[in-house]
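Q: Give me the fold of what follows.
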Amino acid sequence: MIFHEIKVHYDRQTGEDNPGKVKEVYLIDGAVSFADAENCLMEEIKPFIFGDCEVQNCKRSQYFEVFPNEGGAYWYKARVEMITIDGEKETRKNVAMLVQANQADDAIFALKQAIKSYDCEIISIAKTNIMDILHAVQ
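A: Below is the predicted model:
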């Protein structure tokens, strides 16, 4: 799955009379271009912008699988080694996966449950600064 990953800095209302600068990262699914991804993000965060808004970076990111969990507060990126056997030849390929959870232990458990049908090994898992995954309207 190919996503557009956008880092944005903007002034946001963070308390009752207290605007503050925030730096957030969003993944946009289904955007056909960088401009399309930026437009999707701006539509989503427009109600929260209090002042300046600047897109810092926009790049493509690829994830083999994404496992959302409505109750999860954070996104964790896992490096997983996929093992395939073709005849007598064993092939190992590292892929990235995302899993949503409240803490690392929950992310590992959810990931193990989600990939139990694969022949693979979890290499690493780390909390990301991804706020949300948005879906571009086609």
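
Q: going forward, measure contacts and count neighbours with C-alpha atoms only.
A: Fine.

Q: what domains does the record give for the chain?
A: Split into domains by automatic domain parsing, the chain comes to 2-62, 65-127.

Q: Of all these, which one is nearest Ala136?
A: domain 2-62 (5.2 Å; Cα to Cα).

Q: Endpoints of the closest one, how far apart?
A: 5 Å (Cα to Cα, to the nearest Å).

Q: Any idea how far that domain is from the middle of the chain?
A: Relative to its parent chain, domain 2-62 has a centroid offset of 13 Å by Cα atoms, centre = their mean, to the nearest Å.

Q: hmm, back to that, for the domains of the chain, which has the smallest mean pLDDT value?
A: Across these, domain 2-62 has the smallest mean pLDDT, namely a mean of 90.

Q: what phi and what psi does the backbone show at the residue lying farthest from the centre of the chain?
A: In the chain, the greatest distance from the average C-alpha position (Cα atoms, centre = their mean) is reached by Glu88, at 35.9 Å. Main-chain dihedrals, Glu88, degrees, to the nearest 10: phi -100, psi 0.

Q: got the domains of the chain as JSON lines, with distance to His135 columns?
A: Conversion of the domains of the chain to JSON lines gives the following (distance: least, Cα to Cα, whole Å):
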{"stretch": "domain 2-62", "distance to His135": "5"}
{"stretch": "domain 65-127", "distance to His135": "13"}
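
Q: how many neighbours does the nearest residue in space to Pro68 that is not next to it in sequence have?
A: Among residues not flanking Pro68 along the chain, Gln100 sits closest, at 5.1 Å (Cα to Cα, 6 or more residues apart in numbering). Around Gln100 sit 24 other residues, with neighbours defined as other Cα atoms under 10 Å.

Q: Glu81 too?
A: Neighbours around Glu81, by other Cα under 10 Å: 18.

Q: Check the gap between it and Ile49 for me.
A: 40 Å.

Q: and what of His4?
A: Per Cα to Cα, His4 is found 21 Å from Ile49.

Q: Looking at the two, which is more packed in?
A: Neighbours per residue, other Cα under 10 Å: of His4 and Ile49, the larger number sits with His4, 23 against 17.
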